[in-house]
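Enquirer: curious how this folds, go ahead:
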Amino acid sequence: MSISLRKARTIIRKTLDKGREMELKPLSVVVLDAGGHVQAFEREDGASVGRFGIAHGKAYGSVMLGLAGTAQKARADQQAYFMAAVNGVYGGQLVPVPGGILIRDKKGVVIGAVGVTGDTSENDVEAGMAGIEAAGLTGEP
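Expert: Numbers count the residues shown, from 1 in each chain. Model (predicted):
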């Protein structure tokens, strides 16, 4: 199973709503399918233009490694050489920090990932988890 465009759009809309509710800086949110392909992306007015690459890198690392951003950061802290090598394998596309969130269906199967960027990593995660939950899915931050 992969994530539908409708669910991806819901995740983005609800993530941005949560960001505004929390009074965060302008966010950028990308939703990738289980193969790492972009299903949907939005960048709020005022967000820097380079935010797509950061959001994508957070989500891409999560879906390609099967590790959420928080776990990637922990791995990078413990074994920087491993994350550097893996990042080389993926052409430097990984951003191993919180804000990359795995999306699981009701059976626990990974169906994609969300990448959120614009505020602190912790706030990015909180907003992204709200979006995923609003879509009736489970997030792994």
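
Enquirer: for the helix or strand that contains residue 101, packing partners?
Expert: Per DSSP states H and E: residue 101 is located in strand 100-104. Contacts defined by 3 or more Cβ pairs under 8 Å, 6 or more residues apart in numbering; DSSP states H and E place strand 100-104 against helix 51-65, helix 69-78, strand 110-117, helix 121-134, strand 138-140. Heads up, the C-betas are built off the backbone N, CA and C, glycines and all.

Enquirer: average pLDDT for that strand, rounded please.
Expert: The average pLDDT within strand 100-104 is 98.

Enquirer: and the helix or strand hosting residue 85, what's buried?
Expert: For residue 85, the element it lies in under DSSP H and E is helix 80-89. In terms of neighbour count (16 or more other Cβ atoms under 10 Å), helix 80-89 has its buried residues at 83, 86-87.

Enquirer: where in the chain is pLDDT low?
Expert: 1 (pLDDT under 70).

Enquirer: picking that back up, quick one: which of the helices and strands packed on strand 100-104 is nearest residue 15?
Expert: helix 121-134 (3.2 Å; Cβ to Cβ).
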